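Asks: kindly generate the corresponding structure for this input.
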Amino acid sequence: MQFSTLLITLSAAVGLTLAAPTAHSTCRRVQADATLLNVTNHPLLNVYQPQVISFSVPLKTVRRGPCALVADFPAGYSILDSSVQQGGPTLPINVIDVDGPAPGNSIGNIHFPSTVPDQKTKEAAKLTINSFRCREEMTFRFEVAGDGQVMFMTNGNYGLFMEFDC
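Replies: Residues are numbered from 1 along each chain as shown. Alright, predicted model coming up:
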């Protein structure tokens, strides 16, 4: 189990360095149904706040090909990570399938880029969390795997997306 967690973490780190966004992406995308990702886990305080986020994919896309769950941030984007604020590493976020072929199973683990002191990304980053067969509605639960909080805004240009027709 620890080996697979390490492998997923290393895969996410490699994705962070290799998947820089391009100015001329040919993919289409839909944004998340939430404008804020705010997940918290403080076991000693009995505080556990995961977040469920959905994506509505156009029906014609569902029949054509795969969809990819991505996080896309420009340089200088604000991402709050309580571990980074305290001098620690970025917190891992587990992503769990809610309504797909494997409900309740992890589909990925991601570390969103965040730096001290101003909690802004140093450079643009596009991270692919996982890809799947497209469905009209795709829902995932995001939860902090460590002790702390991660929060950022998501909108039509930056944050969490489902990409398709690439």
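
Asks: where exactly do the helices run in this protein?
Replies: 2-18, 59-62, 82-85 (DSSP state H).

Asks: residues in contact with the last one?
Replies: Contact with helix 82-85 is made by 89-91, 114-116, 119, 146-150, as judged by C-beta atoms under 8 Å, 6 or more residues apart in numbering. Using the backbone N, CA and C atoms, a C-beta is placed for each residue, glycine as well.

Asks: now this protein, which segments are flagged as low pLDDT?
Replies: 1-25, 116-118 (pLDDT under 70).

Asks: what's the local residue count around the nearest residue to residue 74 once chain neighbours are set aside?
Replies: Spatial nearest neighbour of residue 74, excluding adjacent residues (C-beta to C-beta, 6 or more residues apart in numbering): residue 124 at 5.1 Å. Using other C-beta atoms under 10 Å as the criterion, residue 124 is surrounded by 17 other residues.

Asks: wait, residue 124 sits on residue 113?
Replies: No - under the criterion of C-beta atoms under 8 Å, residue 124 is not in contact with residue 113, lying 9.3 Å apart.

Asks: what sits in contact with each of those two?
Replies: residue 73.

Asks: where do the strands sit along this structure?
Replies: Secondary structure of the chain (DSSP state E): strands at 28-31, 36-42, 47-49, 51-56, 66-73, 80-81, 92-97, 106-111, 125-133, 137-144, 148-153, 159-164.

Asks: name the stretch among those that sits most buried.
Replies: Greatest average neighbour count among the strands of the chain goes to strand 159-164 (a mean of 23), per mean count of other C-beta atoms under 10 Å.

Asks: contact partners of stretch 87-105?
Replies: 9, 39, 52, 69, 81-84, 106-114, 116, 129-130, 132-133, 135, 137-146, 148-150.

Asks: sorry, back to before: a markdown table for the contacts of helix 82-85, including distance to residue 63?
Replies: Converted to a markdown table, the contacts of helix 82-85 look like this (distance: C-beta to C-beta, whole Å):
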| residue | distance to residue 63 |
| --- | --- |
| 89 | 41 |
| 90 | 37 |
| 91 | 37 |
| 114 | 38 |
| 115 | 41 |
| 116 | 46 |
| 119 | 41 |
| 146 | 39 |
| 147 | 43 |
| 148 | 41 |
| 149 | 39 |
| 150 | 35 |
